[in-house]
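Enquirer: What would the 3D arrangement of this be:
(chains A and B)
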Amino acid sequence: DQQVKQNSPSLSVQEGRISILNCDYTNSMFDYFLWYKKYPAEGPTFLISISSIKDKNEDGRFTVFLNKSAKHLSLHIVPSQPGDSAVYFCAASARTSGSRLTFGEGTQLTVNP
Amino acid sequence: GAGVSQSPSNKVTEKGKDVELRCDPISGHTALYWYRQSLGQGLEFLIYFQGNSAPDKSGLPSDRFSAERTGGSVSTLTIQRTQQEDSAVYLCASSPRVVVAKNIQYFGAGTRLSVL
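Expert: Next up is the predicted model:
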């Protein structure tokens, strides 16, 4: 039962353009959503998050959008930079489940110079 | 150190042997989580500890897996009689509190376990 899904295993964009990473979830109890970035041989690094009471959160070049009715969230990176190349994981948590994180499979983003 | 520390970074073992993986969380963090990432997969929850409460073990895949957290700080994940399917990267995370509106978890670099 994959409760968080990232349907695109990979994404390639040109430097300076927008990167859009998508994530879908099925569990309506999720109330907090996070994006993590992971470089090879390193642990995931927290990037940005959003509470279920909001529909948008912005931090510099990174914006996360949440569409609760569609159970969909997306991460926008603009402008994209080569250093953004990494695997991006979408994660969700629910206070009723002790706030453990349920992760998607990840999307490999490659930003080409 | 400032971050979550895990040791060893790599572990190669033979099938049937026991292994212990260690996690030092960020100082002051009361919640500690173990996840694993198998090849090509997302992170899979294993177990979490919150303060002195009983741990949530619901993600442990079999009774060969166990974990403890001593003194509310360091945690050890033990895998007995390892199998080849246990090969994965085992990640530890800690967070300041659980059951709050915003629970950001901070991860260590992981232990890559290879069972031959």
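Enquirer: Please name the bridge partners of whichever residue of chain B sits closest to chain A.
Expert: Closest residue of chain B to chain A, C-beta to the nearest C-beta: residue B:107 (3.5 Å). (C-beta placed from N, C-alpha, C; glycine too.) Beta bridges link residue B:107 to residue B:93, judged by DSSP bridges.
Enquirer: Would you confirm that residue B:103 contacts residue B:95?
Expert: Yes: contact criterion C-beta atoms under 8 Å: residue B:103 and residue B:95 qualify, at 5.4 Å.
Enquirer: roughly how far apart are the spatially closest residue to residue A:44 that is not a sequence neighbour and residue B:66?
Expert: Closest residue to residue A:44 apart from its sequence neighbours, by C-beta to C-beta, 6 or more residues apart in numbering or on different chains: residue A:36 at 3.8 Å. Distance from residue A:36 to residue B:66, counting by C-beta to C-beta, to the nearest Å: 27 Å.
Enquirer: got any residues that touch both of residue B:103 and residue B:95?
Expert: A:99, B:31 (C-beta atoms under 8 Å, 6 or more residues apart in numbering or on different chains).
Enquirer: Contact residues of chain A facing chain B?
Expert: Applying C-beta under 8 Å from any C-beta of the partner chain, we find that chain A lies next to chain B at A:4, A:6, A:31-32, A:34, A:36, A:41-46, A:49, A:51, A:89, A:91, A:93, A:95, A:98-106.
Enquirer: Let's see that with 7 Å instead.
Expert: Within reach of chain B by C-beta under 7 Å from any C-beta of the partner chain, chain A has these residues: A:32, A:34, A:42-44, A:46, A:49, A:51, A:89, A:93, A:95, A:98-106.
Enquirer: PyMOL command for the buried members of those?
Expert: A single PyMOL command suffices to select whichever of the residues of chain A next to chain B are buried according to 16 or more other C-beta atoms under 10 Å in any protein chain shown:
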select buried, chain A and resi 32+34+43+44+46+49+89+93+98+99+100+101+102+103+104+105+106
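Enquirer: Can you say which helix or strand has the residue nearest the centre of chain B in it?
Expert: Centroid-nearest residue in chain B: residue B:34, 2.9 Å away (criterion: C-alpha atoms, centre = their mean). Using DSSP states H and E, residue B:34 maps to strand B:31-37.
Enquirer: Which part of chain A gets nearest to chain B, residue-wise?
Expert: Minimum separation of chain A from chain B (C-beta to the nearest C-beta) falls at residue A:43, amounting to 3.5 Å.
Enquirer: Could you say whether that residue sits in a helix, a strand or coil?
Expert: coil (DSSP: H, G, I helix; E, B strand; the rest coil).
Enquirer: For it, give me its contacts.
Expert: Contacts for residue A:43 (C-beta atoms under 7 Å, 6 or more residues apart in numbering or on different chains) come out as B:91, B:107, B:108, B:109, B:110.
Enquirer: Columns pLDDT and neighbour count on top of those residues, output as CSV?
Expert: Shown next, in CSV, are these (pLDDT from 0 to 100; neighbours: other C-beta atoms under 10 Å in any protein chain shown):
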residue, pLDDT, neighbour count
B:91, 97, 26
B:107, 95, 23
B:108, 96, 24
B:109, 95, 19
B:110, 96, 26
